[in-house]
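>>> I'll drop the sequence and a predicted model, then ask my questions.
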Amino acid sequence: AQTVTQSQPEMSVQEAETVTLSCTYDTSESDYYLFWYKQPPSRQMILVIRQEAYKQQNATENRFSVNFQKAAKSFSLKISDSQLGDAAMYFCAFATGANSKLTFGKGITLSVRP
Amino acid sequence: DVKVTQSSRYLVKRTGEKVFLECVQDMDHENMFWYRQDPGLGLRLIYFSYDVKMKEKGDIPEGYSVSREKKERFSLILESASTNQTSMYLCASRAGTWWMNQPQHFGDGTRLSIL
């Protein structure tokens, strides 16, 4: 069974600074995808970024980038130039296998200080 | 943009009632999912469906059932509501059956309270 671990329940960052949210996972699969989802206080979950396990290059989406360390089974999210709108709960998730169900971590609440 | 609509944002029901949570998506997605979200536990999969009339149990199916009679609609049913089913319920849909790179699209959630 796959597990996703987000060990930090909360983090805080100063506006315009950079913050890194950590995530580790455990799997015996070789082919899988990793995702970071954001859930703002309005509650609709939206995709932030995704990473294919077979790609060595780290994914980047504007101010969001990942540090994917396959051997270490680590998938951290870096948010650069943090903005007030980045305040949300962030979930790391993992998909593999038949029907590609997502396995989510417990989430981390990010607050942004003005 | 994909639109996933859940019928209620807030719902209050009584213990023992049969409760229906409805979810509709407008993008002809094959896959639909029901999760519950609890503080400190993240999202846990209750049931999912990869086609009309097809369903599979997720990680916590006990006390729940689902119905998918039409491709766009996926209903979650609490057969006899209990207080431990008080939670936030999230519906999601995703294109393709085997395309694990496709993201899931979520509704706004239903906060269900069982009294």
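Thanks, I have it. Residues are numbered from 1 along each chain as shown, chains lettered A, B, ... in the order given.
>>> what pLDDT does residue B:98 get?
We have a pLDDT of 58 for residue B:98.
>>> one more: residue A:86?
Looking at residue A:86, the pLDDT reads 96.
>>> okay but it is in contact with residue A:79, surely?
Yes: if you go by Cβ atoms under 8 Å, residue A:86 and residue A:79 touch, sitting 5.7 Å apart. (Each C-beta comes from the backbone N, C-alpha and C, glycine too.)
>>> need the residues touching each of the two.
Common contact partners of residue A:86 and residue A:79 (Cβ atoms under 8 Å, 6 or more residues apart in numbering or on different chains): A:13, A:110.
>>> between those two, who's got more neighbours?
A direct count of neighbours by other Cβ atoms under 10 Å in any protein chain shown for residue A:86 and residue A:79 places residue A:79 higher, at 23 against 20.
>>> how about the contacts made by that one?
Contacts for residue A:79 (Cβ under 8 Å, 6+ apart) come out as A:13, A:18-21, A:63-64, A:86, A:110.
>>> could I get those residues as CSV with distance to residue B:9 and secondary structure?
Formatted as CSV, these follow (distance: Cβ to Cβ, whole Å; DSSP: H, G, I helix; E, B strand; the rest coil):
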residue, distance to residue B:9, secondary structure
A:13, 30, strand
A:18, 35, coil
A:19, 30, strand
A:20, 33, strand
A:21, 28, strand
A:63, 30, coil
A:64, 28, strand
A:86, 24, helix
A:110, 24, strand
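>>> ok, the helix-or-strand element of chain A with minimal mean pLDDT: who's next to it in the sheet?
Lowest on mean pLDDT, DSSP states H and E among the helices and strands of chain A sits strand A:102-104, with a mean of 90. Taking DSSP bridges as the criterion, strand A:102-104 forms sheet pairs with strand A:88-95 (antiparallel).
>>> what sits closest to the most centrally placed residue in chain A if chain neighbours are left out?
Centre of chain A computed as the mean C-alpha position; nearest residue by Cα atoms, centre = their mean is residue A:36, 3.3 Å away. Leaving aside its chain neighbours, residue A:36 sits nearest to residue A:48 (4.3 Å; criterion: Cβ to Cβ, 6 or more residues apart in numbering or on different chains).
>>> the one you found against residue A:86, yeah?
No: checked against Cβ under 8 Å, the pair residue A:48 and residue A:86 is beyond contact range at 9.7 Å.
>>> who touches both of the two?
Common contact partners of residue A:48 and residue A:86 (Cβ under 8 Å, 6+ apart): residue A:38.
>>> from the chain's centre, how far out does stretch A:73-88 sit?
Between the centre of stretch A:73-88 and the centre of its chain there are 8 Å (Cα atoms, centre = their mean, to the nearest Å).
>>> any idea how far the host helix or strand of residue B:88 is from the chain center?
Using DSSP states H and E, residue B:88 sits within strand B:87-94. Averaged C-alpha coordinates place strand B:87-94 at 5 Å from its chain's average position (Cα atoms, centre = their mean).
>>> quick one: buried residues of that strand?
The neighbour-count check on strand B:87-94 (16 or more other Cβ atoms under 10 Å in any protein chain shown) flags B:87, B:89-94 as buried.
>>> same check, this time on stretch A:43-62
A:43, A:45, A:47-51, A:53, A:59.
>>> thanks a lot, catch you later.
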